[in-house]
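generate coordinates for the sequence data below:
(chains A and B)
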Amino acid sequence: MQVVKTMLQQSAFGAPGADSNPIVVEGLSKTYQVTDREGGFGAAVRSFVKRKFRDVKAVQNVSFRIGQGEIVGFLGPNGAGKTTTLKMLAGLLHPTSGSAKVLGFTPWERNSGYLRSMTLVMGQRNRLSWDIPAADSFLLNQAIYRISDADYKRVFDELNELLDLAPIIRKPVRNLSLGERMKCELAASLLHRPAVLFLDEPTIGLDISAQVRIRAFLKEYNRRSGATILLTSHYMADVTALCERIIIIHHGQTKYDGKLVDLSRRIAPFKLIGVTLGDCADCDLSRYGTVVPGEGSEDAGKHSVQVKADEVAAITARMLAELPVVDLTIEDPPIEDVIERAFHE
Amino acid sequence: MYILKLFSTFLKVNLQQDLAYRADAIVNMVMSVIGTGWDLLGLSIIFANTKEIGGWGPSELIALMGVWRLVNVMMATIVWPNTEKFNTGVRDGSLDYTFLQPVNSQLLISITRMVVWRVFDFAIAVALIIAGMTSGNVITSPPLVAAFLALTFSGAAIIYSLWITLISFTFWFTKFDNSVTIMAALMDAGRYPAQVYPYWLRALITFIIPIAVATTVPLQALRGELMGWQIIGFLVIGAAAVFLSSRVWKAGVRRYSGASS
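So this is what the prediction gives:
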């Protein structure tokens, strides 16, 4: 793997004018012009004769830097501008304004050196040919990316070790399960040892165990290769498992850029005390904090109480002293809630 | 060298894909033989009643049919299957991956899908050209054959460039695939010499959808009807078409916005 790591570093930092950060984004904006018409037959005819357009600001003045080897979660609700940003950084879209350097390259110039150093994986799109086995698509990628036989074998063996590809790459892609296909998609995207990975919802639609396997793979790949990863996902388990740092984008604008734990502390400076009570019909938990409905099974005597983070110790002590406590847990608020609050803050 | 390796790899993958559908390949081969037989029957009926069409005799028309079929092989092998794939790619966003690969995107969209069994049609086309040129009174010489080959290649390049230009317009107008259908309909006019058509149609198939440049013109060179400057002129037009269409393609790619996630 050291060989791969060295080659990655060469391809990443051999680029002309490379910043020490592999990804540098300054004031990036993208405005789409879309046709605007009301519903109905009359509006359709009027639109045929005279088109009306309106501007949609998909991304507005987004800036960030990502250091080598970082895995950053790029989060936001649907339509926030995540995929547009990713596509600009991958070189698929030209921005309306602003600049970006990835590995020292301007992405939308589509320099072949750049395209050979990065990859974009879109969970909702297929890179592999449907009718042929993934192994044949891999060979196609070997030719496209000019990978020598020796390098191909070395990288493939490693991906095989991490993803257990051997049993599935001889089947036509159309016969693979979604999880198997995503393994092959990832392998096809990584054969050329990209130094930067843009992952757009790589675990979408996968069952829990497939999600866990893909997360473990990405973490290990990042650890071994030192590749930089920018990841979008609607599954918070992806984010908590992989990303120390997150960037939140909403309505095309950056809302937050920092550590996930800091966001949790800032947005939701409280904890949840889960308490299971013994025989206590008239215990009033609202004296200790806000009782959160639906968090526990009240039938089983379990309740959740939300309290300020700096009062947890004192309130826990009071509960233990004043209530017939059978079990007690202290938890952070669910990350989904924190992110949801951040979107709308 | 790289492009050749890439081409052969794509060819291999496409061959594997086509081999998966044996019945389809056999049916299409039979259809090619029936189509050729039908065309030859049509010509024999015409020449049972007349000695020439627009100054062209039977053997010359067989050679013309061969050249026309050659252009059609290119269309059926590369143009139509990739048009379909391109249109699907624009709609569902799978074209994104084409633009992410470190290869000229125009080359990639031209060779991604190749209907390999069309090589059988290619053999029929070459056989018709050789039969036409050797059986009748076509007076030819090595320089004329060289001009014929160069003009056939250049004519095919013009048709290919027209296709690239038309599909590039999809980047501006989102849906423009009907233009390729119109192009396909007019291709049929290439099976007879341009001289037999009325003036307006001759102008259309020479300047707008230049199928006549790809079929009639090479055979005119073979018949010794073209001056040197005319041959060079058509070759220059071919090179210009390739250059201009690649500029239009690049401009279109700049406008590409992909399908939404």
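
now the helices: where do they sit in the stretch 151-300 of chain A?
Remark: helices assigned in the stretch 151-300 of chain A by DSSP state H, counting those that start in this stretch are A:178-190, A:208-225, A:236-242, A:260-267.

swap in the stretch 1-150 of chain A?
A:2-13, A:41-49, A:82-90, A:112-115, A:134-144, A:149-163.

how about the closest residue to residue A:170 other than its chain neighbours, what does it touch?
Distances taken as CB to CB, 6 or more residues apart in numbering or on different chains place residue A:133 nearest to residue A:170, at 5.1 Å, with adjacent residues excluded. Every C-beta, even on glycine, is put in place using the N, C-alpha and C of the backbone. By CB atoms under 8 Å, 6 or more residues apart in numbering or on different chains, residue A:133 lies in contact with A:169-173.

can you pull up the bridge partners for residue A:133?
residue A:172 (DSSP bridges).

flag every residue of chain B that's near chain A.
Counting by CB under 8 Å from any CB of the partner chain, the positions of chain B adjacent to chain A are B:2, B:5-6, B:9-10, B:13, B:16-17, B:20, B:92-94, B:96-97, B:99-103, B:254, B:256-258, B:260-261.

only alpha carbons, please: show stretch A:242-259 as PDB.
Extracted C-alpha coordinates of stretch A:242-259, given in PDB (Å, rounded to 0.1, in the frame of the first residue of the first chain):
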ATOM      1  CA  LEU A 242     -16.600   8.900   8.700                       C
ATOM      2  CA  CYS A 243     -16.500  12.600   9.200                       C
ATOM      3  CA  GLU A 244     -15.000  14.600  12.000                       C
ATOM      4  CA  ARG A 245     -15.700  17.800  10.000                       C
ATOM      5  CA  ILE A 246     -18.800  18.800   8.300                       C
ATOM      6  CA  ILE A 247     -19.900  21.600   6.000                       C
ATOM      7  CA  ILE A 248     -23.600  22.500   6.000                       C
ATOM      8  CA  ILE A 249     -25.100  24.100   2.900                       C
ATOM      9  CA  HIS A 250     -28.700  25.400   2.600                       C
ATOM     10  CA  HIS A 251     -30.200  27.400  -0.200                       C
ATOM     11  CA  GLY A 252     -26.800  27.400  -1.800                       C
ATOM     12  CA  GLN A 253     -25.100  29.100   1.100                       C
ATOM     13  CA  THR A 254     -22.700  27.700   3.700                       C
ATOM     14  CA  LYS A 255     -24.400  27.600   7.100                       C
ATOM     15  CA  TYR A 256     -21.600  25.800   9.000                       C
ATOM     16  CA  ASP A 257     -18.100  24.600   8.500                       C
ATOM     17  CA  GLY A 258     -16.400  22.900  11.500                       C
ATOM     18  CA  LYS A 259     -16.300  19.900  13.700                       C
END
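
and the contacts of it?
For stretch A:242-259, contacts defined as CB under 8 Å, 6+ apart pick out A:29-30, A:57-64, A:70-77, A:80-82, A:84-85, A:215, A:218-219, A:222, A:229, A:231, A:239, A:260, A:263, A:339, A:342-345.

before we move on, what about stretch B:18-35?
Stretch B:18-35 is contacted by residues A:131, B:115-118, B:120-121, B:124 when judged by CB under 8 Å, 6+ apart.

and stretch B:40-51, by the same measure?
B:53, B:57-58, B:61-62, B:65.

and chain A, which residues reach chain B?
A:32, A:83, A:87, A:90-94, A:110, A:112-113, A:115-116, A:119-120, A:122, A:124-127, A:129, A:131-132, A:136-137, A:139-140, A:143-146, A:200-201.

of the contacts of stretch B:40-51, buried ones?
B:53, B:58, B:61-62, B:65 (16 or more other CB atoms under 10 Å in any protein chain shown).

out of those residues, which is nearest to residue B:249?
The closest of the buried ones among the contacts of stretch B:40-51 to residue B:249 turns out to be residue B:65 (CB to CB; 31.6 Å).

just checking, the closest one touches residue B:39?
Yes. Using CB atoms under 8 Å, residue B:65 is in contact with residue B:39, at 5.8 Å.

overlap in contacts, those two.
Jointly contacting residue B:65 and residue B:39 under the rule CB under 8 Å, 6+ apart are residue B:191.

and the residues of chain B next to chain A, which of them are buried?
B:6, B:9-10, B:13, B:17, B:93-94, B:96-97, B:99-103, B:256-258, B:261.

tell me which of those fall in helices.
Members of those lying in helices (criterion: DSSP state H): B:6, B:9-10, B:13, B:17, B:96-97, B:99.

out of those residues, who's nearest residue B:164?
Residue B:164 lies nearest to residue B:99 out of those, by CB to CB, at 15.2 Å.

and the closest one, what is it in contact with?
A:91-92, A:110, B:105, B:253, B:256.

circling back to that earlier point, okay, the helices of the stretch 151-300 of chain A, which one's buried deepest?
Compared across the helices of the stretch 151-300 of chain A, helix A:178-190 shows the largest average neighbour count, a mean of 22 (mean count of other CB atoms under 10 Å in any protein chain shown).

the bottom helix or strand of chain A by mean pLDDT?
helix A:2-13 (a mean of 41; mean pLDDT, DSSP states H and E).

for residue 193, grab phi and psi.
No chain specified, so I'll use chain A. Main-chain dihedrals, residue A:193, degrees, to the nearest 10: phi 50, psi 60.

that's the other chain; I wanted chain B
The phi/psi pair for residue B:193 (degrees, to the nearest 10) is phi -60, psi 150.

report how many residues lie close to it.
21 (other CB atoms under 10 Å in any protein chain shown).

what separates the residue nearest to the spatial centre of chain B from residue B:210, distance-wise?
Taking CA atoms, centre = their mean, the centroid of chain B lies closest to residue B:71, which sits 3.3 Å from it. Distance from residue B:71 to residue B:210, counting by CB to CB, to the nearest Å: 11 Å.

ok, residue B:188 to chain A distance?
31 Å (CB to the nearest CB, to the nearest Å).

residues contacting that residue?
Contacts of residue B:188 (CB under 8 Å, 6+ apart): none.

could I have the buried ones of the contacts of residue A:133 as PyMOL selection syntax?
This is how PyMOL selects the buried members of the contacts of residue A:133, with burial counted by 16+ other CB under 10 Å:
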select buried, chain A and resi 169+172+173
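
got JSON lines for the contacts of residue A:133, with distance to residue B:189 and pLDDT too?
As requested, these are arranged in JSON lines below (distance: CB to CB, whole Å; pLDDT from 0 to 100):
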{"residue": "A:169", "distance to residue B:189": "48", "pLDDT": "89"}
{"residue": "A:170", "distance to residue B:189": "48", "pLDDT": "89"}
{"residue": "A:171", "distance to residue B:189": "46", "pLDDT": "87"}
{"residue": "A:172", "distance to residue B:189": "41", "pLDDT": "85"}
{"residue": "A:173", "distance to residue B:189": "41", "pLDDT": "87"}
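
and which of the contacts of residue A:133 is nearest residue B:183?
If you rank the contacts of residue A:133 by distance to residue B:183 using CB to CB, residue A:173 comes first, at 32.5 Å.

quickly list what's touching both of residue B:71 and residue B:210.
Residues touching both residue B:71 and residue B:210 (CB under 8 Å, 6+ apart): B:155, B:159.

before we move on, back to that, worst average pLDDT in the helices of the stretch 151-300 of chain A?
With a mean of 80, helix A:260-267 has the lowest mean pLDDT of these.

okay, now residue A:108: neighbour count?
18.

surely residue A:162 touches residue A:214?
No. Counting by CB under 8 Å, residue A:162 sits too far from residue A:214 to count as a contact (10.5 Å).

show me the contacts for residue B:226.
Here residue B:226 is in contact with B:147, B:217, B:220, B:234 (CB under 8 Å, 6+ apart).

let's see it at 6 Å
Neighbour list for residue B:226: residue B:220 [criterion: CB atoms under 6 Å, 6 or more residues apart in numbering or on different chains].

what does residue B:224 give?
When contacts are counted by CB under 6 Å, 6+ apart, residue B:224 touches residue B:144.

secondary structure class for it?
Under DSSP: H, G, I helix; E, B strand; the rest coil, residue B:224 falls in the coil class.

how many residues are close by residue B:172?
Neighbour number of residue B:172 under other CB under 10 Å is 11.
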